[in-house]
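> sequence and computational prediction follow.
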Amino acid sequence: MSGNNELTGQVSDEQIKEWKAKHKYGIYAVSIDGQVAYFKNPNRQEVNCALSKADKENALGVFEMLAGITFIGGSEEVLNDDQMFIGLCNEIKIKLDGKKASLVNL
């Protein structure tokens, strides 16, 4: 992610390479409104922990928990600004889908 139009929170290619080596399931970036935040792909325990926060009174609790435990760097504004966070939730939802599976009736 290099170039003249750097985003707030943008890290070096070297840092991204380090994170990729460290996080077994990979990493991803979400850019919103001139900000960028980096997250590791969640493992089963992290998803389970986040889903334990599911609650009718706090519908975003799952996303808040998952974003918090998978955030590895970049702009924290993406986590703190309400409008940016709603956009982030849409991307986290995709991560919760996991790998595509096929059902085969036998």
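Structure's in. What do you need?

> tell me which residues are up against the helix or strand containing residue 72.
Taking DSSP states H and E as the definition, residue 72 sits inside strand 71-74. Outside strand 71-74, the residues within contact range by C-beta atoms under 8 Å, 6 or more residues apart in numbering are 9-11, 15, 19, 23, 27, 29, 35-40, 79. For glycine as for every other residue, the C-beta is placed from the backbone atoms N, C-alpha and C.

> take those residues and keep only those in helices.
When those are checked against helices (DSSP state H), the matches are 15, 19, 79.

> looking at these, which is nearest residue 99?
residue 19 (20.5 Å; C-beta to C-beta).

> so who does the closest one touch?
Per C-beta under 8 Å, 6+ apart, neighbours of residue 19: 27, 38, 40, 72-73.

> ok, now residue 40?
Contact analysis of residue 40 by C-beta under 8 Å, 6+ apart lists 19, 23, 25-27, 70, 72.

> again with residue 79
Contacts for residue 79 (C-beta under 8 Å, 6+ apart) come out as 37, 67-68, 71, 85, 88.

> not counting sequence-adjacent ones, nearest residue to residue 42?
Distances taken as C-beta to C-beta, 6 or more residues apart in numbering put residue 70 closest to residue 42, at 5.3 Å, once the chain neighbours are dropped.

> give me the pLDDT for the one you found.
We have a pLDDT of 95 for residue 70.

> do the same with residue 62
89.

> mind giving me the packing neighbours of the helix or strand encompassing it?
Taking DSSP H and E as the definition, residue 62 sits inside helix 61-70. In terms of contacts (3 or more C-beta pairs under 8 Å, 6 or more residues apart in numbering; DSSP states H and E), helix 61-70 is packed against strand 35-40, helix 44-51, helix 82-96.

> which of these sits most buried?
Most buried of the helices and strands packed on helix 61-70 by mean neighbour count (mean count of other C-beta atoms under 10 Å) is strand 35-40; its value is a mean of 23.

> tilt between that strand and helix 61-70?
80 degrees (axes from the mean of the first three to the mean of the last three C-alpha atoms, to 10 degrees).

> quick one: residue 6 from residue 62, how far?
Distance, residue 6 to residue 62, using C-beta to C-beta, to the nearest Å: 31 Å.
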